[in-house]
Each structure stands twice: as C-alpha cells, then as structure tokens.
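# Give me the fold of what follows.
(one chain, ligands or ions: 1)
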Amino acid sequence: MADAFDLVVIGAGPGGYECAIRAAQLGMKVACVEKRDKLGGTCLNIGCIPSKALLHASELFAEAGHAFADMGINVGTPTIDLKKLLGFKDEAVDGNTKGIEFLFKKNKIEWVKGEGVIKAPGRVQVGERVLETKNIVIATGSDVARLPGIEIDEKQIVSSTGALALGQVPARLLVIGGGVIGLELGSVWGRLGSKVTVVEYLDAILPGMDGEVAKNFQRILKKQGFDFKLGSKVTKVEKTKAGLKVSVEPAQGGAAQVIEADVVLVAVGRVAYTQGLGLENAGVVTDKRGRIEVDAHLKTNVDGIYAIGDVIAGPMLAHKAMEEGVMVAERLGGVAGHVNYDVIPGVVYTSPEVAAVGKTEEQLKAEGVEYNSGKFPFTANGRAKSNKQTDGFVKILADKKTDRVLGVHIIGVNAGEMIAEACIAMEFGASSEDIARTCHAHPTLSEAVKEAALAVTGAPIHM
Ligand code: NAI
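Alright, predicted model coming up:
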C-alpha cells in the first residue's frame with residue numbers, strides 16, 4: 001500500500017526543509033526524503049555551518065596572535081589543537097542538524113530516510129516504499145564541480161568537504177578557483193599557518209561581484225599573505241613523495257609553471273545534482289547545464305512537480321533556496337508566496353567580510369542605467385577606528401533620476417550583518433536619501449552605510 005501525502009519534498013537542505021516546514025504550518029501532510037543520515041543538506045553538514053565555525057575560530061586565533069598584544073592583552077603565542085578545533089566544528093553541525101530534526105517533529109513532518117526516485121508525477125519511491133503525493137518539490141541541491149584529470153581524493157586533493165576536515169595544517173595550500181569557497185577556506189587555513197596560493201582562471205577574484213570591491217578585497221587578502229595567480233589555470237596535479245606538483249598555465253595557453261603544494265583545494269563551482277532522481281520517468285526537462293527548468297512559479301514542465309534551490313538556475317545560496325522553498329509551499333497552501341530576485345544578498349565570510357545586494361557598477365553600465373555612487377571608507381568611521389578594523393568601505397549605487405537604491409556593496413567587519421539594512425531598504429524601494437535621513441546609532445559600523453548614502457547626492461559628514 002502506498003502512503004498518501006499532500007507534499008513530498010526530496011532533499012532536506014535549507015530549501016527543502018524550509019519548504020517542508022512552511023507547508024506543514026499551512027496544514028499539509030508532508031514527507032521529506034533525505035538520504036544523508038543528518039538533515040540540513042550541504043549547508044548544515046559540509047557547507048555554510050561547518051565553514052563558519054572554522055572561520056570564527058580561526059579568526060579569533062589570528063586575532064589572539066596579531067591584535068591582542070596591541071590592545072595590551074598578553075596571552076603569549078597561541079597554539080592550535082586541530083583535533084579540538086574540528087570537534088568544535090562538528091558540534092556546530094550536530095547542534096544545527098538536530099535542530100532541524102526537532103522542527104520536523106514539531107511540525108509532524110515525516111523524514112523518510114533514503115534516496116527518493118520519482119517514478120511518475122505524484123509517485124516517489126524510497127527503497128521498498130512508495131509515497132503517493134499531490135505535489136513533489138525537488139530540492140536536491142548541487143555537487144562539487146570537478147576538473148578533468150584532477151581526481152579529488154579528499155586527503156591531498158580536496159573539495160570543500162575535505163578542506164573542512166584536514167588532519168593537519170598544510171604548509172602549502174594551493175586553491176583552484178578564486179570564488180567564495182576558495183577565499184573562505186583559504187582564509188581558514190591561511191590563518192592557521194598555511195601559505196595559500198589561489199589560481200583563478202579569470203582576471204579578477206569573486207566573479208559577479210562589483211569590480212571595485214573585488215580589486216580592493218584582493219589587495220586586503222594579499223596583505224594577509226594570500227598569493228594570487230590570476231588569468232591562470234591548473235592543467236595537472238602530480239602526486240610525488242615530496243608533495244604535489246601543480247602545473248599552472250596562463251588561461252589563454254602558454255608555458256606552464258610548476259608550483260609545489262601539500263594540499264590542493266578544488267573550488268571551481270558547483271553543479272546541479274539530479275543523479276538517480278528519475279527525472280526521465282516523469283519527463284522533467286533540464287537545461288544544457290543539467291539544471292531543472294522551471295517557470296516563474298518554480299513549476300517544472302510537469303504539473304505537480306516543482307524545483308527549488310541549487311538544482312535550478314540562479315545563485316547557489318542557501319537563503320535563495322529557502323525563499324524559494326517557502327514560496328512554493330505558500331502557493332501550494334493558497335497563500336501568496338513571492339521571491340524578490342533583485343534583493344538576494346551575497347556574503348563572503350572572510351575577514352573582513354564582503355557583502356553585496358542588487359546591481360554592481362558593471363551591471364548598471366551594461367544595462368545603460370544612469371546612476372550616482374556614494375562611498376564611505378571605514379578609515380573614517382569612529383567605531384572601526386577605535387577597534388582598529390578599518391579595512392574596507394560601503395558603496396551605494398542609486399538611480400540618477402529617482403535616487404532609488406539599486407545596489408549596496410560593503411567590505412568590512414560585520415558586512416554580512418550590515419547588508420540586512422540595505423536589503424530592507426531595497427525591499428521597500430528606498431532612496432539613498434531615505435537611508436541618509438535614518439538615524440543610525442553611534443558609534444556603530446553601520447553609520448558608514450548612512451554616510452555612504454549621504455555621499456550619493458551630497459557630502460558625508462565625517463569626510
Ligand atoms: P564560485 O563560482 O564562487 O567560484 C569558482 C571560481 O573558480 C570562479 O572564480 C571561476 O572563475 C574559477 N574557475 C573555474 N574553473 C577554473 C579553472 N579551471 N581554473 C581556475 N579557476 C577556475 O564557486 P565556489 O567558490 O566553488 O562556490 C560554489 C558555490 O557555492 C557558489 O555558487 C557559491 O556562491 C556558493 N557558496 C556560497 C558561500 C557563501 O554564500 N558565503 C560559501 C561557499 C559557497
């Protein structure tokens with residue numbers, strides 16, 4: 001006998017679990033199929049959460065080593081107990097994944113353990129069991145993108161998964177890809193003592209980010225000890241007794257240079273994960289990059305089958321998937337769900353952090369939109385000065401005619417928290433003047449947002 005549900009969600013990452021919870025809140029009978037032995041998907045198990053635990057701890061370690069003495073705090077030379085540090089990270093994962101288990105129980109969502117295969121619209125098989133359901137949401141996420149000829153063994157040649165669990169601090173870490181993962185995990189191991197070299201195919205790090213931000217941020221990372229080989233590609237990684245020999249060539253071809261490393265991190269993006277899902281059984285269509293095609297309501301070409309998160313087009317971000325999961329659940333539950341794709345923030349959790357929402361200058365130029373730009377550096381912000389954390393700036397881009405805020409870009413300590421103010425402002429269609437006239441507490445780093453807004457059409461006070 002088949003079990004009957006209103007909704008079966010396949011995948012319990014942030015998109016899937018939020019979809020399941022919201023649907024249950026709206027009265028649906030919900031099952032969530034997950035094959036991993038913990039809920040939370042990539043984000044909670046091998047992504048956002050463990051990496052943030054390591055970023056937090058390694059940042060404190062670096063501060064204890066470099067900044068404490070300047071403040072008159074003498075703790076001697078700090079040392080790292082790597083096993084304990086990795087345990088701290090594992091505890092963060094456990095706490096968060098168990099939290100989702102609790103929420104599933106609270107909302108009476110059945111976690112069906114195993115691999116879900118779509119047999120037909122309204123029919124999902126998990127092992128021996130067949131789930132009948134009115135609707136299916138595919139939330140199977142993404143997997144690590146690989147490079148031909150470079151085999152990831154998760155020991156010496158690692159993906160982000162292996163880089164979260166290295167048994168010792170590598171003396172030399174070579175990162176392939178100057179995107180978010182490369183810079184975040186490069187920061188972790190760099191702070192713990194690795195010499196980090198980043199090989200990036202393009203001429204700039206953080207593709208898609210505002211060009212001025214990327215350039216400035218690269219300068220900051222260089223000061224921290226990062227080495228960059230931009231416009232370069234890795235063609236071969238050779239394992240030898242003395243370590244890894246990495247062949248690096250100019251992106252457009254040319255003579256190779258060999259760089260020695262102890263660990264290579266492959267961080268060249270992620271690809272939609274639909275393996276074994278049975279899309280062909282239901283006739284669900286994917287695009288050239290293997291991503292499931294959906295309409296504006298995130299419905300696939302098959303009625304009753306929806307897809308959200310990394311498995312469809314758009315930024316591969318947990319919070320984007322969460323918004324999409326909630327939207328689908330709400331529409332199925334008869335509530336007006338909506339995702340505003342113009343206001344999806346992106347954060348790089350390095351030190352300082354980089355955060356952005358809305359358009360970059362490059363995008364506005366390409367779209368022929370006339371805009372004003374206002375910038376304010378943290379060197380002129382009282383709180384940043386007193387904390388001696390003055391790297392970075394806030395930049396606000398606003399429409400030249402209407403003054404409506406179109407993009408906000410921040411490099412700075414706590415940028416990831418500060419960007420929320422920009423998101424709210426943009427969600428409400430604020431002008432730069434609205435932000436500039438809003439009272440900000442003093443002394444806070446967020447005053448730099450107000451000052452950048454003042455700089456859009458007038459002049460900041462503290463510059
Ligand atoms: P990414 O797309 O951010 O960066 C990959 C980089 O690798 C790009 O700069 C690309 O030009 C470069 N690249 C590609 N092929 C190359 C080659 N053969 N040689 C050298 N460079 C090459 O991807 P990443 O960092 O792997 O992250 C995967 C996804 O996970 C991204 O969508 C990212 O947004 C997301 N993520 C988000 C985080 C956050 O929000 N804080 C944290 C970690 C990941």
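# pretty sure K245 is in a strand, no?
Yes - judged by DSSP: H, G, I helix; E, B strand; the rest coil, K245 forms part of a strand.
# Could you give the backbone dihedrals for the closest residue to it other than its chain neighbours?
Of all residues not flanking K245 in the chain, E238 sits nearest, at 4.3 Å (C-beta to C-beta, 6 or more residues apart in numbering). All C-beta spots, glycine's among them, are computed from the backbone N, C-alpha and C. For E238, the backbone dihedrals (degrees, to the nearest 10) come out as phi -110, psi 130.
# these two touch, right, E238 and L244?
Yes - between E238 and L244 there is a contact under C-beta atoms under 8 Å: 6.8 Å.
# Which one's more surrounded, the two?
Per other C-beta atoms under 10 Å, whichever of E238 and L244 has more neighbours is L244, with 20 against 10.
# Now for the nearest residue in space to that one that is not next to it in sequence: which residues touch it?
Leaving aside its chain neighbours, L244 sits nearest to A261 (4.8 Å; criterion: C-beta to C-beta, 6+ apart). By C-beta atoms under 8 Å, 6 or more residues apart in numbering, the contact set of A261 is 170, 172-174, 197, 243-244, 246.
# again, only this time at 10 Å
A261 sits next to 156-157, 170-175, 194-197, 237, 243-246 when contact means C-beta atoms under 10 Å, 6 or more residues apart in numbering.
# ok, now how distant is it from L397?
A261 sits 39 Å away from L397 when distances are taken as C-beta to C-beta, to the nearest Å.
# go on, K98?
Distance from K98 to L397, by C-beta to C-beta: 42 Å.
# The two: which has the busier surroundings?
L397 (26 against 14).
# could you give me the average pLDDT of the helix or strand hosting that one?
Using DSSP states H and E, L397 falls within strand 393-399. The average pLDDT for strand 393-399 rounds to 98.
# next structured bit after it?
Next in sequence after strand 393-399, counting helices and strands by DSSP H and E, comes strand 405-412.
# Given that next one, what are its sheet partners and their directions?
Sheet pairing of strand 405-412 (DSSP bridges) gives strand 353-358 (antiparallel), strand 393-399 (antiparallel).
# Reformat these as CSV; add distance to the ligand.
Listed next are the strands paired with strand 405-412 as CSV, based on distance: least, C-beta to the nearest ligand atom, whole Å:
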stretch, distance to the ligand
strand 353-358, 9
strand 393-399, 19
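# Ok, which of those comes nearest M316?
For M316, the closest of the strands paired with strand 405-412 is strand 353-358, at 15.4 Å, according to C-beta to C-beta.
# I'd like the next helix or strand past the closest one.
helix 361-366.
# Okay, buried residues for that next one please.
Buried residues in helix 361-366, counted by 16 or more other C-beta atoms under 10 Å: 361, 364.
# Name the surrounding residues that touch it.
By C-beta under 10 Å, 6+ apart, the residues outside helix 361-366 that reach it are 208-213, 358-360, 369-371, 373, 395, 397, 399-400, 406-407, 409.
# please redo it, this time with the cut-off set to 6 Å
Applying C-beta atoms under 6 Å, 6 or more residues apart in numbering, the external contacts of helix 361-366 come out as 210-211, 371.
# Distance check, L39 against the ligand.
20 Å (C-beta to the nearest ligand atom, to the nearest Å).
# G269 now?
The gap separating G269 from the ligand is 4 Å, by C-beta to the nearest ligand atom.
# Any stretches of the stretch 51-200 of the chain with poor pLDDT?
Along the stretch 51-200 of the chain, the model assigns pLDDT under 70 to no residue.
# Kindly export stretch 365-381 (C-alpha atoms) in CSV.
Extracted in CSV, the C-alpha atoms of stretch 365-381 (Å, rounded to 0.1, in the frame of the first residue of the first chain):
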residue,chain,number,x,y,z
LYS,A,365,26.7,50.2,-17.1
ALA,A,366,25.9,47.2,-19.3
GLU,A,367,22.2,47.9,-18.8
GLY,A,368,22.6,51.6,-19.7
VAL,A,369,21.2,52.7,-16.3
GLU,A,370,22.4,56.2,-15.2
TYR,A,371,23.4,56.1,-11.5
ASN,A,372,25.0,58.1,-8.7
SER,A,373,27.6,56.4,-6.5
GLY,A,374,28.3,57.2,-2.8
LYS,A,375,31.2,55.7,-1.0
PHE,A,376,32.4,55.9,2.6
PRO,A,377,35.6,54.2,3.9
PHE,A,378,35.8,52.6,7.4
THR,A,379,39.0,54.6,8.0
ALA,A,380,36.6,57.5,8.7
ASN,A,381,34.2,55.5,10.9
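# before we move on, the earlier item: may I see the strands paired with strand 405-412 organised as a markdown table, with distance to G114 added?
Listed next are the strands paired with strand 405-412 as a markdown table, based on distance: least, C-beta to C-beta, whole Å:
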| stretch | distance to G114 |
| --- | --- |
| strand 353-358 | 38 |
| strand 393-399 | 48 |
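# Nearest to A436 among those strands would be which one?
Comparing these by C-beta to C-beta, strand 393-399 comes nearest, at 9.2 Å.
# Tabulate the CA atom coordinates of the helix or strand hosting E184 in PDB.
Element membership of E184 [criterion: DSSP H and E] is helix 180-192. Extracted C-alpha coordinates of helix 180-192, given in PDB (Å, rounded to 0.1, in the frame of the first residue of the first chain):
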ATOM      1  CA  VAL A 180      33.700  32.200  -2.400                       C
ATOM      2  CA  ILE A 181      34.700  28.800  -1.300                       C
ATOM      3  CA  GLY A 182      38.400  29.300  -2.300                       C
ATOM      4  CA  LEU A 183      38.700  32.600  -0.400                       C
ATOM      5  CA  GLU A 184      36.800  31.400   2.700                       C
ATOM      6  CA  LEU A 185      38.500  28.100   3.200                       C
ATOM      7  CA  GLY A 186      41.800  29.600   2.000                       C
ATOM      8  CA  SER A 187      41.400  32.200   4.900                       C
ATOM      9  CA  VAL A 188      40.800  29.400   7.400                       C
ATOM     10  CA  TRP A 189      44.000  27.500   6.600                       C
ATOM     11  CA  GLY A 190      45.900  30.700   6.000                       C
ATOM     12  CA  ARG A 191      45.100  31.900   9.500                       C
ATOM     13  CA  LEU A 192      46.100  28.500  10.900                       C
END
